[in-house]
Structures are given as C-alpha cells and as structure tokens.
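J.: Here's my sequence, what's the structure:
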Amino acid sequence: MDNEFEQIARADHLPTRIATQFAKRIYDGVLKAGDKLPTEHAMSKTFGVSRTVVREAIAQLRNEGLVETRQGVGAFVVERKARQIRLEDGKKMDRHAFNDLYQVRVPLEMEAAALAAVNHTEAQMAALDAAMMGLSGIRDWGKSGVTADLDFHRIIAEATGNDYFVQFVTAISERISHVITIARAEGQLDDVIAWTIEEHGAICEAIRARNPAAARAAMQRHLVNSAERVGLQFEFVE
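T.: Prediction:
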C-alpha cells in the first residue's frame, strides 16, 4: 500500500485529504465493492498520521456512502446504486466559502423539509425522532454531537423520496460539519445547545404534522440562525 498513496502534508486538512485519495480509487474502480480498506495501523503508517485522523477519514467515506464499517472487522467498499456527487476537495472554508455554502444549502434544505413533511414514512419519522433524541442528549461538542446533527439532516433528505436530495446533502456534509464545529466553538455553549435543540425540534414537529409550509419555514429559520452563529449576516432572498 505504501506505493499507492501519497503522504499527507501537515498544512492540509488531514482526514479530508485521506478520504479524497480513497474516494478517487473507489470512483476509478481500483477499489471495488466488497474490497476491504487497509487497517487503521497500516493507513497510519502509510500516510504518516495518527489513528484518530484515519478514523475521521473513514467516517467521511462512510458519510458519503462509499464504505461501511463492520465492528471488529474493518471498513469495506459498498455497492453503488448510482455514482454519488462528491465536491472537489481543497476549498478553504473562509467567510466567502461559508456564504457560498449557505446560498446552496438554504433553498435546498428548505425544500427537502417541505417534501419530507409530505412524503415521509413511519419508519423515517421514527428515525428522525431517534436523531432528535440523540441531539437532545448531547451535552458537549464532541464528534457525537456533529454526527447527530448531520444524521438529522440526512434523514430529512431521505424522507423526501428523492435520491438527489440525499446525494447533495451527503456531498456537503463534510463542509456542514465545519460550520457546526465553528458555531459551537464561537457561541456560548449552553445557548447554542438550547437553540440547536429548539430549532431542530420545530422542524421535526412540522414534518410530523405533515405541514410542508411550517417545515419549510422552520428549516429556513434554523439555517439563517445557523449562518449568524458562524458570523454571517445571511440574507435569504424571497
């Protein structure tokens, strides 16, 4: 494996760079469905990074639907029903990039929430409730909090019944994780927790009530507030 991958420069966002190298090999067909990824130890030696960085890279690949992990066995490439959208790596997440992200994210997820209100199944509502419980139980800003937040939005995308929403939300999930982390770092922790739970709760209840207008409005409110929490004065164009 040492000759197949490049070592990672310390200035790079390490997990993303590693995930990108594996994703390229998956999309190019070098790694095929059912193939097992190297062990954490092997990847750590090859890329010259810690196992924590390797785990984060694998988590990104899993979030993008490229691999699945099996407890005590490892990570395996999954069968692709269709080629997923993957954003080009390396875009610096500065203020301009955050603004660009929200210009895409706000209308996309507003419509996803409205469609989820109309189209969700009982199983998807149960999954959304479980994600909401996960969010409500978070009392720190560690990895579990970011994962719970991303899961909530992914389930809404799935509940639209339109796979393109799932693909787009999955594609921007790594960027969204940056936004969540920054919001939690820059805000008053207790306030951010309370706002996050309240805003997600309003979205959840509107979807449960099968009220697309309320779901759309609740998602708009959440995302505009989220933008403000990372220092953006985001104006939604009606």
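
J.: can you pull the contacts of the residue nearest to the spatial centre of the chain?
T.: For the chain, the residue nearest the mean C-alpha position is Ser173 (2.7 Å; CA atoms, centre = their mean). By CB atoms under 8 Å, 6 or more residues apart in numbering, the contact list for Ser173 reads 63-64, 150, 153-154. Placement of C-beta: from N, CA and C, glycine included.

J.: tell me which of those residues is nearest to Val78?
T.: The closest of those to Val78 turns out to be Glu64 (CB to CB; 10.3 Å).

J.: Could you check the pLDDT of the residue lying closest to Lys32 once chain neighbours are set aside?
T.: Among residues not flanking Lys32 along the chain, Val77 sits closest, at 6.3 Å (CB to CB, 6 or more residues apart in numbering). You'll see Val77 listed with a pLDDT of 92.

J.: Could you give the number of residues near Val77?
T.: Using other CB atoms under 10 Å, Val77 has 19 neighbouring residues.

J.: do the same with Ala206
T.: Counted with other CB under 10 Å, Ala206 comes out at 22.

J.: Same question for Pro38.
T.: Look at Pro38: counted by other CB under 10 Å, it has 17 neighbours.

J.: Same check on Val118?
T.: Neighbour count for Val118, taken as other CB under 10 Å: 14.

J.: ok so, going back, neighbour-wise, give me the winner out of the contacts of Ser173.
T.: Within the contacts of Ser173, most neighbours by other CB under 10 Å means His153, with 24 neighbours.

J.: ok, it to Pro38 distance?
T.: Distance from His153 to Pro38, counting by CB to CB, to the nearest Å: 31 Å.

J.: Quick check: beta-bridge partners of the residue nearest to Lys32?
T.: Going by DSSP bridges, Val77 is paired in beta bridges with Val67.

J.: And the strand or helix carrying Ala157, how far out from the chain middle?
T.: In the assignment (DSSP states H and E), Ala157 maps to helix 143-159. The chain centre lies 7 Å from the centre of helix 143-159; the measure is CA atoms, centre = their mean, to the nearest Å.

J.: oh, and call the first residue 473 from now on, that's how I've got it
T.: All right, first residue 473 from here; so that's helix 615-631.

J.: helices or strands next to it in the packing?
T.: When contacts are defined as 3 or more CB pairs under 8 Å, 6 or more residues apart in numbering; DSSP states H and E, helix 615-631 packs onto helix 523-535, helix 567-591, helix 594-608, helix 635-643, helix 645-658, helix 661-680.

J.: Would you convert the ones you listed into JSON lines that also reports distance to Ala686?
T.: As requested, those are exported to JSON lines (distance: least, CB to CB, whole Å):
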{"stretch": "helix 523-535", "distance to Ala686": "28"}
{"stretch": "helix 567-591", "distance to Ala686": "8"}
{"stretch": "helix 594-608", "distance to Ala686": "15"}
{"stretch": "helix 635-643", "distance to Ala686": "19"}
{"stretch": "helix 645-658", "distance to Ala686": "23"}
{"stretch": "helix 661-680", "distance to Ala686": "4"}
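
J.: With respect to Ser516, which of the ones you listed lies nearest?
T.: helix 523-535 (5.1 Å).

J.: In terms of secondary structure, what does the host helix or strand of Ala686 contact?
T.: Ala686 belongs to helix 684-701 when assigned by DSSP H and E. The contact analysis (3+ CB pairs under 8 Å, 6+ apart) places helix 684-701 against helix 567-591, helix 645-658, helix 661-680.

J.: would you turn these into CSV with mean pLDDT?
T.: Putting the helices and strands packed on helix 684-701 into CSV (pLDDT from 0 to 100) gives the following:
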stretch, mean pLDDT
helix 567-591, 90
helix 645-658, 66
helix 661-680, 87
